[in-house]
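1. what's the 3D shape of this:
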Amino acid sequence: MNFSKFGQKFTQPTGISQLMDDLGDALKSDQPVNMLGGGNPARIEAVNELFLQTYQALGSDGIFDKKGSDKEAADGTASTAITSMSNYSNPQGDAAFIDALVGFFNRHYDWNLSADNIALTNGSQNAFFYLFNLFGGAFTDEQNQSIDKSILLPLAPEYIGYSDVHVDGQHFAAVLPHIDEVTHDGEAGFFKYRVDFEALENLPALVEGRIGAICCSRPTNPTGNVLTDEEMSRLADIAKRYEVPLIIDNAYGMPFPNIIYSDAHLNWDTNTILCFSLSKIGLPGVRTGIIVAAPEVISAVSSMNAVVNLAPTRFGAALATPLVKDDRIKQLSDEAIKPFYQQQANTAVRLLKEALGDYPLSIHKPEGAIFLWLWFKDLPVTTLELYEILKEKGTLIVPSQYFFPGIDVDNYKHAHECIRMSIAADEQTLIDGIKVIGDVVRELYDKSLVK
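-> Modelled structure (predicted):
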């Protein structure tokens, strides 16, 4: 069967499709698999209990009378939610949830938002498909000449899911990081990526007007790096100077799920596009993304929603609305979700140090998100090959080469020496999986020394 160029582009093998296929196969396997790949959040008892209570409130007996008409719940939330889910929203998204978000952000950040500043999407992956194709690709300049613009990633590595969402052309320009050796809790053996602003500001694509937007995740998927407030301020200034938006992916960040351990603050202005998600608070299956931006961006996203989805899904919005209204979503993030992952990171670091001892392992300083980023300097094989070996031994991780969109990885050795490891699994899976990683990596290094 013949596919168009569009069809060929989206059916070719990609890093994200391989990752999702392998995760699906692992879930169907009749053999135990140590699931240290993927971005599925952990099952946290306090989180599950709150969502269960909210779900039961939405569908509890007595919401509908025998004639099928609405009965008013104590606060109106349940009946309103059930009614909303039986109808399409407008393309911007569920109005009640948007109003709750407006109140939440204004209450906590004093941003003076209105409903015109927020749109919903079917997950943040959907949001980035829209945004990267709005601001990257073919443009017509003031002289009516065609120009291709890219999305600038100021700090590679970046999220694997960005790489293939563009419809046409090569969407990304990226800047390699400064790599600093640092300590963590007084221990050596850690490093941290920092933005190379000199290289960034001298990037030909930026200087020549071939950048359509600047984008970063905070904390960064895959590394758990949290860009400092100073770095964010400088990026915002550069974006304004070149009259392009700054897109910030907050899937793991403030204010929910708030998986950030360093001192960081969240800012917004009309040149900033903030993206949030309900996935990492424990609701990945409801596919609910949130965009906060200037009204013209929200209008564009709403128009794209209408064509692609008719309207965003409303179930996640119905579940989250009461939690946003009374700040329970923030309390859950601060008191249950963040401490859980910080403890998971500490456990995983300890197990890795025990498993690899004096072998050349360096860990990116854990500052947030639900992963550790491991660097095996001068590993005798690429981490794509390591990935295949580990998969055969029932342990899934993600190799690093897929996390460098906009970088020529063939000429960047570091891009083949790292892996992303999820810390969302239960402790026994961490123990078993890290043991396999340790055994395999030690054997690889030992064999290279024998040769």
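2. contacting residues for the most centrally placed residue in the chain?
-> Centroid-nearest residue in the chain: residue 251, 4.5 Å away (criterion: Cα atoms, centre = their mean). Neighbouring residues of residue 251 by Cβ atoms under 8 Å, 6 or more residues apart in numbering: 124, 217, 221, 275, 276, 277, 279, 280. Where C-beta positions appear, they are placed from N, C-alpha and C, glycine not excepted.
3. tell me, what's the model's pLDDT at the third one?
-> The one in question is residue 221. Note for residue 221: predicted pLDDT of 95.
4. list buried residues within the contacts of residue 251.
-> By the neighbour-count criterion of 16 or more other Cβ atoms under 10 Å, these include these buried positions: 124, 217, 221, 275, 276, 277, 279, 280.
5. please narrow the residues you listed to those residing in helices.
-> Members of those lying in helices (criterion: DSSP state H): residue 124.
6. do you know how far residue 109 is from residue 296?
-> Residue 109 sits 21 Å away from residue 296, going by Cβ to Cβ, to the nearest Å.
7. with neighbour numbers in mind, choose between these two.
-> Comparing residue 109 with residue 296 by other Cβ atoms under 10 Å, the one with more neighbours is residue 109, at 16 against 10.
8. give me the nearest residue to residue 163, chain neighbours excluded.
-> Using Cβ to Cβ, 6 or more residues apart in numbering and skipping residues adjacent in sequence, the residue nearest residue 163 is residue 405, 4.3 Å away.
9. restrict stretch 252-270 to CA atoms and write it as CSV.
-> This file holds the C-alpha atoms of stretch 252-270, laid out as CSV (Å, rounded to 0.1, in the frame of the first residue of the first chain):
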residue,chain,number,x,y,z
TYR,A,252,7.2,16.8,35.9
GLY,A,253,7.4,20.3,37.4
MET,A,254,5.6,23.0,39.4
PRO,A,255,3.0,23.2,40.7
PHE,A,256,1.8,19.6,40.0
PRO,A,257,3.3,17.0,40.3
ASN,A,258,6.1,19.3,41.6
ILE,A,259,8.8,16.6,41.4
ILE,A,260,11.6,19.2,41.9
TYR,A,261,14.1,19.0,44.8
SER,A,262,16.2,22.2,44.0
ASP,A,263,15.2,25.8,44.7
ALA,A,264,13.2,26.9,41.7
HIS,A,265,10.4,29.3,40.9
LEU,A,266,7.8,29.3,38.1
ASN,A,267,7.2,32.4,36.1
TRP,A,268,4.9,33.3,33.2
ASP,A,269,4.4,36.2,30.8
THR,A,270,2.7,36.6,27.5
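10. ok, and the closest non-adjacent residue to the residue nearest to the centre of the chain?
-> Counting by Cβ to Cβ, 6+ apart, residue 277 is the residue found nearest to residue 251 once chain neighbours are left out, at 4.6 Å.
11. contacting residues for residue 156?
-> 174, 175, 176, 177, 403, 404, 405, 406, 407.
12. and the fifth one, how many neighbours?
-> In this case it means residue 403. Neighbours of residue 403 (other Cβ under 10 Å): 26.
13. residues contacting stretch 332-352, please?
-> Stretch 332-352 is contacted by residues 42, 44, 46-47, 50, 184, 224, 255-261, 280-282, 323, 361, 363, 366, 369-370, 372, 374, 421, 423-424, 427, 430-431, 434, 437-438 when judged by Cβ under 8 Å, 6+ apart.
14. quick one: buried ones out of those residues?
-> 42, 44, 47, 50, 184, 224, 255-261, 280-282, 323, 361, 363, 366, 369-370, 372, 374, 421, 423-424, 430-431, 434, 437-438.
15. for the protein, name the helix or strand with the lowest mean pLDDT.
-> Least confident element among the helices and strands of the chain, by mean pLDDT, DSSP states H and E: helix 77-85 (a mean of 59).
16. which residues touch stretch 178-192?
-> By Cβ under 8 Å, 6+ apart, stretch 178-192 touches 193-196, 225, 349, 353, 361-367, 375, 414.
17. pLDDT (mean, whole number) over that stretch?
-> Stretch 178-192 comes out at a mean pLDDT of 96.
18. which non-adjacent residue is nearest residue 95?
-> Nearest to residue 95 is residue 89, by Cβ to Cβ, 6+ apart, at 6.7 Å.
19. ugh, wrong one, I meant residue 177
-> residue 193 is the one closest to residue 177 (Cβ to Cβ, 6+ apart), at 3.8 Å.
20. just the helices in the stretch 351-451 of the chain please.
-> 383-392, 427-450 (DSSP state H, counting those that start in this stretch).
21. take those and write them to CSV, including distance to residue 234 and mean pLDDT.
-> Formatted as CSV, these follow (distance: least, Cβ to Cβ, whole Å; pLDDT from 0 to 100):
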stretch, distance to residue 234, mean pLDDT
helix 383-392, 31, 95
helix 427-450, 36, 94
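22. packing partners for the helix or strand encompassing residue 317?
-> Element membership for residue 317, per DSSP states H and E: helix 315-325. When contacts are defined as 3 or more Cβ pairs under 8 Å, 6 or more residues apart in numbering; DSSP states H and E, helix 315-325 packs onto helix 45-58, helix 77-85, helix 95-109, helix 328-332.
23. looking at those, which is closest to residue 301?
-> Minimum separation from residue 301 across the helices and strands packed on helix 315-325 (Cβ to Cβ) falls at helix 95-109, 12.3 Å.
24. just for the stretch 51-200 of the chain, where's the confidence low?
-> In the predicted model, the stretch 51-200 of the chain carries pLDDT under 70 at residues 59-85, 169-170.
25. following element in sequence after whichever strand or helix holds residue 273, please.
-> For residue 273, the host element (DSSP H and E) is strand 272-277. Going down the chain from strand 272-277, the next helix or strand is strand 289-292, by DSSP H and E.
26. show residues contacting the helix or strand following that next one.
-> Using DSSP H and E, the helix or strand that follows strand 289-292 in sequence is helix 295-308. With contact meaning Cβ under 8 Å, 6+ apart, helix 295-308 is reached by 90-93, 116-119, 121, 126-127, 130-131, 134, 245, 273, 291, 293, 311-312.
27. so of the residues you listed, which ones are in strands?
-> Mapping the contacts of helix 295-308 onto strands (DSSP state E) picks out 118, 119, 121, 273, 291.
28. take these and lay them out in CSV including neighbour count.
-> CSV is the format used below for the ones in strands among the contacts of helix 295-308 (neighbours: other Cβ atoms under 10 Å):
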residue, neighbour count
118, 25
119, 27
121, 28
273, 24
291, 26
